[in-house]
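In: I would like the atomic coordinates for the input below:
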Amino acid sequence: MSVTTHKPLTLSLFVNDFLLLTKSRLTLTVVFSSIAGYLLAAQAPSALHILLLSLGGYGLAGASNAFNQIIEKDIDAKMKRTQNRPIPTGRMTTQTAFIIATILLVLGLVVLYGFNPKTAMFGAISVFLYCCAYTPLKTKTPLSVFVGAIPGAIPFMLGWVSATGTFGIESGVLFMIQFFWQFPHFWAIGWMMHKDYQRAGINMLPTGKPDSATALQIILYTLWTMVVSLFPVLGLSGALQLSYFAAILVGIMGLVLLWYGIVLYRNQTQSSAKKLMIISIVYITVVQWIYVIDKFI
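Out: Next comes the predicted model:
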């Protein structure tokens, strides 16, 4: 059951609801991924490019999240994790949310088109897949995670495309790193929130339940994440390079992520899943930083 509120609308409340509607913390991680991809491609990074990329990235990611909450307003009302969002509580109407989402979508596409058409195209594909494929599939099949991993993997490579105007082996590798990483990350979340998701008719886990088979798949996709993250050290990814020292650091981070996956396999507890979820966020953030720092030193 949703939580109702009768607080008068104020600027601070509207800003807070805007941040909730656009899932600001998640959206900012998307923006960071795009900036990292841009820095890896740019010969002479531009502060204006970073600012516009941040604006366009927040616009599209925020629009995706807002449209998602409009579509899932009844589902959100059933889950403890989401029932305090602005639409289920009645603090914001679906019409208002739709206007905000549309403005953000148009803003994001216009800004990204300013870089080059390919950047806007990939941004539009990301929004379409997230809202029109991943979101409706969440209540139908656990395969929704595979579909959702596609738009989720676009931001890292989007930054590269915004700088180069091309999609090649470099941006493809960046895409694959974030694509495979999402499986241990979102399955850890699905494990943690399994009961809450079940109340809303959502099942994110590959086997349909938090068991050893799901944990094993988490381990397997973690291994794929490690392999793809280390691929640039072989010198086969064009302009995207990784030094041996940086590869060692990336490998260590991969082993840490793998260890927490093994711990989940052994213990099969919510606390183990939560630790894996947290370390997965640390992993992708640190790996992106390692890539960027390695380029400039």
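
In: The spatially closest residue to residue 45 that is not a sequence neighbour and residue 114, how far apart?
Out: Leaving aside its chain neighbours, residue 45 sits nearest to residue 39 (5.7 Å; criterion: CB to CB, 6 or more residues apart in numbering). For every residue, glycine as well, the C-beta is placed using N, CA and C. Taking CB to CB, to the nearest Å as the criterion, residue 39 is separated from residue 114 by 19 Å.

In: ok, now residue 136?
Out: Applying CB to CB, one obtains 31 Å for the distance of residue 136 from residue 114.

In: Quick one: list the elements packing against the helix or strand residue 32 falls within.
Out: In the assignment (DSSP states H and E), residue 32 maps to helix 24-41. Helices and strands in packing contact with helix 24-41 are listed as helix 47-71, helix 144-164, helix 169-192, helix 270-296; criterion 3 or more CB pairs under 8 Å, 6 or more residues apart in numbering; DSSP states H and E.

In: can you count the residues close to residue 232?
Out: When neighbours are defined as other CB atoms under 10 Å, residue 232 has 26 of them.

In: and whichever strand or helix holds residue 136, average pLDDT?
Out: When elements are assigned from DSSP H and E, residue 136 belongs to helix 135-137. The average pLDDT for helix 135-137 rounds to 93.

In: what sits up against it?
Out: Under the criterion CB atoms under 8 Å, 6 or more residues apart in numbering, residues 67-68, 71-72, 143-144, 147 lie in contact with helix 135-137.

In: State the distance from residue 151 to residue 73.
Out: 21 Å.

In: Comparing these two, which residue is more hemmed in?
Out: residue 151 (23 against 18).

In: Tell me who's in contact with that one.
Out: Listed by CB under 8 Å, 6+ apart, the contact set of residue 151 reads 64, 125-127, 129-130, 134.

In: Which one (most neighbours) among those?
Out: The most crowded member of the contacts of residue 151, judged by other CB under 10 Å, is residue 64 (29 neighbours).

In: Quick check: phi and psi on the closest residue to it other than its chain neighbours?
Out: Beyond its immediate neighbours in the sequence, the residue positioned closest to residue 64 (CB to CB, 6+ apart) is residue 130, lying 4.5 Å away. Backbone torsions of residue 130, given as degrees, to the nearest 10, read phi -70, psi -50.

In: got the contact list for residue 130?
Out: Residues counted as contacts of residue 130 (CB under 8 Å, 6+ apart) are 64, 68, 148, 151-152.

In: just the residues you listed now: which is nearest residue 211?
Out: Using CB to CB, residue 148 is the member of the contacts of residue 130 that sits closest to residue 211, with 21.5 Å.

In: Would you check that that closest one makes contact with residue 182?
Out: Yes. Contact criterion CB atoms under 8 Å: residue 148 and residue 182 qualify, at 7.4 Å.

In: And the residue nearest the centre of the protein?
Out: Taking CA atoms, centre = their mean, the centroid of the chain lies closest to residue 152, which sits 4.4 Å from it.

In: What separation do you get for it and residue 175?
Out: Taking CB to CB, one finds residue 152 at 10 Å from residue 175.

In: how does the chain divide up, domain by domain?
Out: The record, using automatic domain parsing to delimit domains, assigns the chain the ranges 1-165, 168-297.

In: Check whether the residue nearest to the centre of the chain really touches residue 182, as I assumed.
Out: Yes. Contact between residue 152 and residue 182 holds when scored by CB under 8 Å: they sit 5.0 Å apart.

In: Looking at the contacts of residue 151, which one is closest to residue 90?
Out: Closest to residue 90 out of the contacts of residue 151 is residue 64 (22.8 Å), distances taken as CB to CB.

In: Pull the residues that contact the helix or strand of the chain with the lowest mean pLDDT.
Out: The least trusted helix or strand in the chain, going by mean pLDDT, DSSP states H and E, turns out to be helix 194-199, with a mean of 89. Helix 194-199 is contacted from outside by 78-81, 190, 203-205, 209-210, using CB under 8 Å, 6+ apart.
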